[in-house]
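> Sharing a model prediction with you, sequence too.
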Amino acid sequence: MTIQFNDETFRDDYSYHNSPAAIRRFPFPFDKDDYMYAVNMEPHAGGREGSPFENRFDVDEHYVAEMRDREITLKEDPLRCQSLPHMELAGWDLLELIMECKAEDYPELFSLHRDGDRWHWINRPLGIDHKFTFLDPTTLPYGPMEYITRQAQGDFALLDQREGNLWMEAGMVTSQADWSLDFDIGMNFFEWHAPVPLAHEMGIFQRALKFLLAIQQDTPSRRLNWTMTVNPRLDTSPENYHKWGPEKRTLTPENVGEKQYLRVELQTFFRLPRSNGLAFPIRCYLISLQDLVTVPKWGRRLHRVIRDLPDELAEYKGFAVNRQLIVDYLARFDDGKPTSPGIFPDE
Amino acid sequence: MPATKFTPSIASRPVYGGLKSHGAVPALMLANGPGGEALLELIKADPSVLPHTYMIYIPEGCDLGRSLEACGPASFFEAASYASILPRFRKLLADAGMNTRLYLAGTEGLIGQATSEALAAGMLLEAIDAEHRGSVARRMQCVHCKGITENVTTDPFTCSHCGLTLFVRDHYSRRHAAFQGVCVDAETPGEIPPRQEIKA
């Protein structure tokens, strides 16, 4: 498999785009015509061929451009990547996990040669050829977590497990749906989810935590989450909210199909072998409404989901102000016909 | 001034359980303003907490220093401000043994900052008792510039560093000892809702 990497941007002129193949493989998050919170976990043990679920760390046509965007964000704000001192071992665990998976799943793009603790890593898309000593941070240009997550799409949180809880104590966060690593670092599972409405009362977080605490090595899990973003912007951080916020108010009936994006997070959870921490990659996928409706099932279903969503969720996800525009646009692609179960397009 | 009763809120917002005696074990007591009354009530309820106690009091306009000192703690120190007491407090935390208890009373800014120092020094959260007394002003971190604005009493308020107008969230970081402030007119620059007093 060869991937043609897009030359595109996630800011300023927003030249981000999905190829027809990328549209077909988009991880559409709704398996039925309505949505409510759920502990929607499933084993992360492969998936349909060509889908983002097939490999442990999906690499797609946006890889190189996303890594360039991460570099810009980190230059402006180094606090997007932080690791409390006791989390370095978990950082090495993550580095090993990502290098092993990418070298196995994409041998034409990545290679890893190991001779004891002397490792040789080759990342062809980013032009990296690097020999280093595993567990010796002086042989890397950054800490282990930062080094490898500058080469992996999506945000990453590393969670320490103690006192029957998970503590977010390291992370690389440059493509987040409006939460601050700098503020949340050091919080436990309930604290960093505190601002989420309704879900606490529904017992979602108690059940999710119980599940996550029990995740074992070699049995990673995954779930999908979603929100809406105006323009294909990865850095929708609270830090820069006063910079991207005004863009949310630029939608019109004429441009909504082009400028409004469905933002989907593929969240995965891996137990780490040395630290016993959890790696929590949060991979962001963006698709414009006009591209999404080219799959008739998705156009019909998204219309029904957004139309019927509880107000609190639209408010929390930050698109209440644009909801009517979105529903009016999508209504044109909903002929009222029933939709098939599951998330994939009809053949 | 009695202990403050806060409206129930989200899971990251601290709740203060009040001061309860843990008996005659080594203790650090730190209070500001009307927080001194909470220490007096604690001592009255169980005088055995005193003989191994190092007590620090920041009056902030209250006149409780003499009464606290008269109770007879092992050591008593009256300080002009939290900032001035910090080096001494850090030394006391560094020297503290495993069974040391920390009693904090006063404003959220004081309780939060002292808790953050104690945790950084390796003390466990369950070894800390806290009781809120006095002003409900908040210590706020600007999520944009990261600057801290002390003693915020209105929502929205102006960041004392970058000048943005921020709304007051209940989301709280124990590490920063601060609530989160977020630009209130980010989407519609200039449209700022009227300022309201922060309530408990």
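Yes, it's here. Just so it is clear, the model here is predicted, and its values are computed rather than measured. Numbers count the residues shown, from 1 in each chain, chains lettered A, B, ... in the order given.

> does any part of the helix or strand of chain A with the lowest mean pLDDT sit near chain B?
Every helix and strand of chain A was ranked by mean pLDDT, DSSP states H and E. The lowest is helix A:311-316, at a mean of 90. No. Where contact is defined by C-beta under 8 Å from any C-beta of the partner chain, no part of helix A:311-316 touches chain B; the two come within 12.1 Å at best. Placement of C-beta: from N, CA and C, glycine included.

> Give the next helix or strand downstream of that helix.
Note on helix A:311-316: by DSSP states H and E, the next helix or strand toward the C-terminus is helix A:323-331.

> list the buried ones in that next one?
Buried residues in helix A:323-331, counting neighbours by 16 or more other C-beta atoms under 10 Å in any protein chain shown, are found at A:Arg323, A:Leu325, A:Ile326, A:Val327, A:Tyr329, A:Leu330.

> Only the buried residues of stretch A:293-301, if you could.
Result for stretch A:293-301 [16+ other C-beta under 10 Å]: buried residues A:Val293, A:Val295, A:Lys297, A:Trp298, A:Gly299, A:Arg300, A:Arg301.

> ignore the last one, stretch A:30-41
Taking 16+ other C-beta under 10 Å as the basis for neighbour counts, the residues of stretch A:30-41 that come out buried are A:Phe30, A:Asp33, A:Tyr35, A:Tyr37, A:Val39, A:Met41.

> Pull the distance from the longest strand along chain B to the chain's centre.
Longest strand of chain B, by residue count under DSSP state E: strand B:165-173. For strand B:165-173, the distance between its averaged C-alpha position and the chain's averaged C-alpha position is 17 Å (C-alpha atoms, centre = their mean, to the nearest Å).

> Ok, stretch B:132-139 next?
Taking the mean of its C-alpha atoms, stretch B:132-139 sits 8 Å from the chain's own mean (C-alpha atoms, centre = their mean).

> Whether that stretch contacts chain A - can you check?
No. Judged by C-beta under 8 Å from any C-beta, stretch B:132-139 makes no contact with chain A; its nearest approach is 13.2 Å.

> bridging residues for B:Cys142?
B:Cys142 has the following beta-bridge partners by DSSP bridges: B:Gly181.

> ok, back up a step: got the buried residues for the least confident helix or strand of chain A?
In helix A:311-316, the ones that count as buried by 16+ other C-beta under 10 Å are A:Leu313, A:Ala314, A:Tyr316.

> from chain A, which residue is nearest to chain B?
A:Gly245 (3.2 Å; C-beta to the nearest C-beta).

> Neighbours of that residue, how many?
Here the count is done by other C-beta atoms under 10 Å in any protein chain shown, and A:Gly245 has 19 residues near it.

> Contacts only, for it.
B:Cys183, B:Ala186, B:Glu187 (C-beta atoms under 8 Å, 6 or more residues apart in numbering or on different chains).

> Tell me if I am right that it is in a helix.
Yes. Counting by DSSP: H, G, I helix; E, B strand; the rest coil, one finds A:Gly245 located in a helix.

> Does the one helix or strand A:Ile306 maps to pack against any helices or strands, and if so which?
When secondary structure is defined by DSSP H and E, A:Ile306 falls within helix A:296-308. Using 3 or more C-beta pairs under 8 Å, 6 or more residues apart in numbering or on different chains; DSSP states H and E as the contact criterion, the secondary-structure elements in contact with helix A:296-308 are helix A:289-292, helix A:323-331.

> Would you reformat the ones you listed as CSV and include distance to chain B and mean pLDDT?
As requested, the helices and strands packed on helix A:296-308 are exported to CSV (distance: least, C-beta to the nearest C-beta, whole Å; pLDDT from 0 to 100):
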stretch, distance to chain B, mean pLDDT
helix A:289-292, 20, 98
helix A:323-331, 14, 98
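
> Redo these as JSON lines? Include distance to A:Arg263.
Putting the helices and strands packed on helix A:296-308 into JSON lines (distance: least, C-beta to C-beta, whole Å) gives the following:
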{"stretch": "helix A:289-292", "distance to A:Arg263": "11"}
{"stretch": "helix A:323-331", "distance to A:Arg263": "13"}
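
> who does A:Trp226 bridge with?
A:Trp226 has these beta-bridge partners by DSSP bridges: A:Val264.

> now it: how far from A:Leu313?
10 Å (C-beta to C-beta, to the nearest Å).

> same question, A:Glu42
From A:Glu42 across to A:Leu313, the span is 22 Å (C-beta to C-beta).

> where does chain A have low pLDDT?
In the predicted model, chain A carries pLDDT under 70 at residues A:1.

> swap the cut-off to 80 and go again
Within chain A, the segments meeting pLDDT under 80 span A:1, A:39, A:347.

> list the buried ones in the longest helix seen in it?
What stands out as the longest helix in chain A, according to DSSP state H, is helix A:88-105. Within helix A:88-105, the residues that qualify as buried by neighbour count (16+ other C-beta under 10 Å) are A:88-99, A:101-103, A:105.

> And stretch B:47-59, by the same measure?
Of all the residues in stretch B:47-59, those buried under the rule 16+ other C-beta under 10 Å are B:Val49, B:Leu50, B:His52, B:Thr53, B:Tyr54, B:Met55, B:Ile56, B:Tyr57, B:Ile58, B:Pro59.

> got a list of what the first one touches?
It stands for B:Val49. By C-beta under 8 Å, 6+ apart, the contact list for B:Val49 reads B:Ser21, B:His22, B:Gly23, B:Ala24, B:Ala27, B:Leu42, B:Ile43, B:Tyr103.

> Make TSV out of those residues and add neighbour count, pLDDT and distance to chain A.
TSV is the format used below for the contacts of B:Val49 (neighbours: other C-beta atoms under 10 Å in any protein chain shown; pLDDT from 0 to 100; distance: C-beta to the nearest C-beta, whole Å):
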residue	neighbour count	pLDDT	distance to chain A
B:Ser21	17	95	25
B:His22	16	95	20
B:Gly23	10	93	25
B:Ala24	14	93	28
B:Ala27	26	97	24
B:Leu42	24	97	27
B:Ile43	23	96	32
B:Tyr103	25	98	23
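
> In strands, which of those fall?
Secondary structure assignment (DSSP E) places B:Ala27, B:Tyr103 from the contacts of B:Val49 within strands.

> any idea which of the contacts of B:Val49 is closest to A:Ser275?
Out of the contacts of B:Val49, the one with the shortest distance to A:Ser275 is B:His22. That distance is 33.9 Å, counting by C-beta to C-beta.

> Look up the closest residue to the closest one, ignoring the ones flanking it.
For B:His22, ignoring the flanking residues on the chain, the nearest one in space by C-beta to C-beta, 6 or more residues apart in numbering or on different chains is B:Arg101 at 4.9 Å.

> do A:Gln4 as well
Computed as C-beta to C-beta, 6+ apart, the closest residue to A:Gln4 that is not its neighbour in sequence is A:Glu61, at 6.2 Å.

> Take the buried residues of stretch B:47-59 and keep only those in strands.
In strands, judged by DSSP E, the following of those are found: B:Thr53, B:Tyr54, B:Met55, B:Ile56, B:Tyr57, B:Ile58.
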